[in-house]
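Student: Got a predicted structure here, sequence first:
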Amino acid sequence: MAEPIQQLSSDNQGQSQREHVPFTLLMRKEKCGEQLYEKRHYEKGRWACITLHEDTYEQSICYGFMRIMKYICQQNSTGDYLGMTLPIVTIVRTDESHSVISQDVTVAYYLPIEHQAQPPQPYDNEIVIEVWPAATVYTRGFTGPTNEVTIINQISAMAELLDSPGVCANDSFIVAGYTNPAHSHRQNEIWFLERR
C-alpha cells in the first residue's frame, strides 16, 4: 500500500503513474489576475466509492481513504495494483444553511482508463463501483487541511464568487484532494455541481 501513498505525498516531478480525472475546461473566471474559479465538464465515468458515518469528517475521510487504498493496492478481483488517479474526492452533505456537515461522507476514487470498461471488483463489500453521469462542475482551489470548519468556509467563499449560485446543487458538495490527506499543505478544490 506504500506505492499510492508515496505517489500522493511526493512531488512526483516525473509524473509517474498519476492519471488525472479527465475534464474539459469550459471557463475560467479571474479578477485582477487572480483565478477565482473554473467551470469544467467531466464525462461519465466509473468510481469506487465508500460511504462512512464516523464521529467526525476527518475520521470518515481517513478510514475511507485507507479502505480505498487497500482496493487500489491489490484487494480487488484482479489482485493487481490498479494505479493512482487524482483527485481522490469526498462528497459532503450540509444542512440548508451550509453551517453543518453531515456525518455521512463518501470517499471516491476514479478508476483508471484501462479499468473503466471492466472495473476490478473490491473485496471490501462496503466499496461499490458507481457510474457517475457526465457533470458540469464549478471548482475553486485551496490549500491546507480539510475539516468541517475549512469546508464550510470554502463552501461559503465559493457561493459568494458564483454569479448565479442557484444553478448549482446546494445540499452536497465535493472536496477534491490532490495530495495525501495528512499533508500539511494539501492541495484541494471545492466543487459545486451544476443542476441538471
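Tutor: Good, I have the coordinates.
Student: Could you list the single helix or strand in this structure with the lowest mean pLDDT?
Tutor: helix 2-9 (a mean of 51; mean pLDDT, DSSP states H and E).
Student: Whatever helix or strand comes next after that one: which residues count as buried?
Tutor: Following helix 2-9 in sequence order, the next helix or strand is strand 18-20 (DSSP states H and E). Using 16 or more other CB atoms under 10 Å as the test for burial, strand 18-20 gives residue 18. All C-beta spots, glycine's among them, are computed from the backbone N, C-alpha and C.
Student: Report the rounded mean pLDDT for strand 18-20.
Tutor: For strand 18-20, mean pLDDT is 91.
Student: ok, how many other residues are close to the residue lying closest to residue 57 once chain neighbours are set aside?
Tutor: Among residues not flanking residue 57 along the chain, residue 148 sits closest, at 5.1 Å (CB to CB, 6 or more residues apart in numbering). Close neighbours of residue 148, defined as other CB atoms under 10 Å, add up to 15.
Student: And residue 117, by the same measure?
Tutor: Neighbours of residue 117 under the rule other CB under 10 Å: 8.
Student: Now it: phi and psi?
Tutor: Per-residue torsions, residue 117: phi -70, psi -40 (degrees, to the nearest 10).
Student: One more: residue 75?
Tutor: Dihedral angles (degrees, to the nearest 10) for residue 75: phi -90, psi 60.
Student: pLDDT of the lengthiest helix in the chain, averaged?
Tutor: Assignment by DSSP state H gives helix 57-72 as the longest helix of the chain. The average of the pLDDT scores along helix 57-72 is 93.
Student: chain center to the helix or strand that it is followed by: distance?
Tutor: Following helix 57-72 in sequence order, the next helix or strand is strand 84-86 (DSSP H and E). Distance, stretch centre to chain centre, for strand 84-86: 10 Å (CA atoms, centre = their mean, to the nearest Å).
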